[in-house]
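In: Need coordinates for the below:
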Amino acid sequence: MKIRLLTVGKTSESWAKEGISVFEKRLKHYCSFSIEEHSVPGLKGLNQEQQKVAEGKFILAKLSPGERMILLDENGTGMSSEKFAEWISKQQNSGVKSVVFVVGGPFGFSEEVYKAAVGKISLSSMTFTHQMVRLFFTEQLYRAFTILKGEKYHHS
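Out: Residues are numbered from 1 along each chain as shown. The predicted model follows:
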C-alpha cells in the first residue's frame, strides 16, 4: 500500500526535519511512504475562509484517482496506537492501494475537502504545531507497522 503525507506548509525547524527523516527512513521497510510539503501560492491578503478555499482547491488538485484521503483533523476520531495499527491493517486487507493523509493550513480545511475525505483522524485532543503533527504522525505510522509485525518498538 502506498501512503502519502500531504501538507500545506513546509517543515522549517531542523529538529522536526531530523525526526521526520528518521521515521521516513524506517518506514521504507514496511510500505511505500512519501511526504509532500506544499506552499500554496496567492494566499496573501486573503481572509481565513478564502485561505481555506484556496488551500482546499490546491489539496484536491494534488489527489490522484483512487486515492483515499484521510484528514489529520482536531475533530477527527481519536484512537490508540493499537487501534491505528488495526485501521492500517484493515486498509491493507481491503485492497486499498493508496492512502493520502492531509495536514491542512493554519485555519483548517474547506468544506470541499471535508466532503471529499473518507475519514478524519485526530492525533490528540491537544493542539500542536503543524510541524509537530508531521513528526508525531510519521512516528505513529511507523509504530503502527511495528505493532502489526509484532516488533519490539511498541511496548504495551
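In: Return the distance of the longest helix along the chain from the chain's centre.
Out: Ranked by residue count and defined by DSSP state H, the top helix of the chain is helix 130-148. Taking Cα atoms, centre = their mean, to the nearest Å, one finds the center of helix 130-148 at 9 Å from the center of the full chain.
In: cool, stretch 144-153 as well?
Out: Counting by Cα atoms, centre = their mean, stretch 144-153 comes out at 20 Å from the chain centroid.
In: Please apply the same query to stretch 51-67.
Out: 14 Å.
In: List the contacts of it.
Out: Residues from elsewhere that reach stretch 51-67 (Cβ atoms under 8 Å, 6 or more residues apart in numbering): 4, 6, 8, 36, 38, 40, 42-43, 46, 69, 97-100, 102, 104-113, 116. Just so you know, the C-beta spots here come from the backbone N, C-alpha and C atoms, and that holds for glycine as well.
In: before we move on, what about stretch 147-156?
Out: Contacts of stretch 147-156 (Cβ under 8 Å, 6+ apart): 30, 81, 82, 85, 88, 89, 142, 143, 146.
In: Can you list the buried residues in it?
Out: 147, 148, 154 (16 or more other Cβ atoms under 10 Å).
In: what do you get for stretch 10-28?
Out: The neighbour-count check on stretch 10-28 (16+ other Cβ under 10 Å) flags 11, 16, 17, 19, 20, 23, 24, 26, 27 as buried.
In: count of residues packed around residue 114?
Out: 14 (other Cβ atoms under 10 Å).
In: what helix or strand is it on?
Out: Assigned by DSSP states H and E, residue 114 belongs to helix 111-116.
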